[in-house]
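**Q** The following block contains a protein sequence and its predicted model.
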Amino acid sequence: MSIKKIKIGIVMDPIRSISPKKDSSLAMLLEAEKRQYEIYYMEQKDLYLIKGIAKANSLIINVKDDDKSWYDIQKKITINLGDLDVILMRKDPPFDMEFIYTTYILERAENQGALVINKPNSLRDMNEKVYTAWFPDCAPLTLVTRSMTEMKSFLNEHKKVVIKPLDGMGGKSIFVINHDDGNANVIIETLTDHGSRFAMSQVYVPEIKQGDKRILLIDGEPVPYSLARIPSADDNRGNIVMGATVEGRNLTEQDYIICKKIGPILKKKGVLFCGIDVIGDYLTEINSTSPTGIRELDRFFDLNIAGLLFDAIENKIKQ
């Protein structure tokens, strides 16, 4: 008897533009290829609804671990998304209205039979910056507001803060400012668009100098290692794209405490793959959209994180 091939879809940014050595989506696709899944590749522009049916103009592809040529197109095909066994939503932020509309289409696909990772309504609910407010005992003191007055008062009270937009990624538009910084007002004006947009301010955690730790959780359980992203000497941001260096570390006792508090909520909300950011002993972000770090951690510790993820996916498909 022949075994039915699992059909997996992935919604992501253009695959031709990725950096293969560090791309977590490619790590997932390589695992799918190893398991002989049929891979359907899509971008946001390929998705649509007709008579309430979620569909896509898709490419069936094969992938390989080759830095110069990492995918081949086998066939163009229009599909009903609900006919896929699983769909990975791996579109990077910004978390804008186009992202929201995409989750609506994916929710229809979910209703029509596909397992969507991560669950579309949870992607909408769990903003990467704001959702730390659900775990205030784990996070540094945080203010989310449109008010420039509140932002300035928070800065004056706590002397040194981090201010960032709610919809960004990769360290873009993140500022560390002191209360006596002559640019503080213009930074606050810019990020709140003169009081018309929400932004976040967090008390500065000096342990950022030792690294911003990315911890990956699969179905609520942490991988036992973190990827510490250490800012360069001339930058405050622990983001690889901003020049941070990386090293692998074992999880600390406090890391496990944070994961134990967050993990059950992620599991309950259908967030099968999540990356949390921890600076020192403090949770700073919960990344459920397109968390990265797989390939680096695999190399540091000889892991197969995508394999653990796909074991969890296959268990969900069988349920």
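**A** Received the coordinates, thanks.
**Q** need the helices for the stretch 1-150 of the chain, in chain order.
**A** Ranges of helices in the stretch 1-150 of the chain, per DSSP state H, counting those that start in this stretch, are 24-34, 97-111, 120-125, 148-158.
**Q** for the stretch 201-319 of the chain, same thing?
**A** Assigned by DSSP H, counting those that start in this stretch, the helices in the stretch 201-319 of the chain fall at 253-268, 294-301, 305-318.
**Q** pLDDT below threshold where in the protein?
**A** 1-3, 169-171, 233-243 (pLDDT under 70).
**Q** That one - how does it break down into domains?
**A** 7-118, 141-204, 207-309 (automatic domain parsing).
**Q** just these: most buried one?
**A** Most buried of the domains of the chain, by mean neighbour count (mean count of other Cβ atoms under 10 Å): domain 207-309, with a mean of 19. All C-beta atoms are positioned from the backbone trio N, CA, C, and that covers glycine.
**Q** ends of that one, how far apart?
**A** Domain 207-309 has an end-to-end distance of 30 Å (Cα to Cα, to the nearest Å).
**Q** can I assume residue 258 is in contact with residue 280?
**A** No - with contact defined as Cβ atoms under 8 Å, residue 258 does not reach residue 280; the gap is 11.1 Å.
**Q** that older thread, can you lay out the helices of the stretch 1-150 of the chain as TSV showing distance to residue 312?
**A** Formatted as TSV, the helices of the stretch 1-150 of the chain follow (distance: least, Cβ to Cβ, whole Å):
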stretch	distance to residue 312
helix 24-34	12
helix 97-111	17
helix 120-125	16
helix 148-158	40
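**Q** and of these, who's closest to residue 311?
**A** Minimum separation from residue 311 across these (Cβ to Cβ) falls at helix 24-34, 9.8 Å.
**Q** Now find how far off-centre the closest one is within its chain.
**A** 16 Å (Cα atoms, centre = their mean, to the nearest Å).
**Q** So for residue 168, which of the helices of the stretch 1-150 of the chain sits nearest?
**A** Shortest separation from residue 168 across the helices of the stretch 1-150 of the chain is recorded for helix 97-111, at 12.3 Å, computed as Cβ to Cβ.
**Q** Tell me who's in contact with the closest residue to residue 301 other than its chain neighbours.
**A** Leaving out its chain neighbours, the residue that sits closest to residue 301 by Cβ to Cβ, 6 or more residues apart in numbering is residue 225, at 5.3 Å. The contact partners of residue 225, by Cβ atoms under 8 Å, 6 or more residues apart in numbering, come to 248, 249, 250, 251, 297, 300, 301, 303.
**Q** Let's see that with 6 Å instead.
**A** 248, 297, 301 (Cβ atoms under 6 Å, 6 or more residues apart in numbering).
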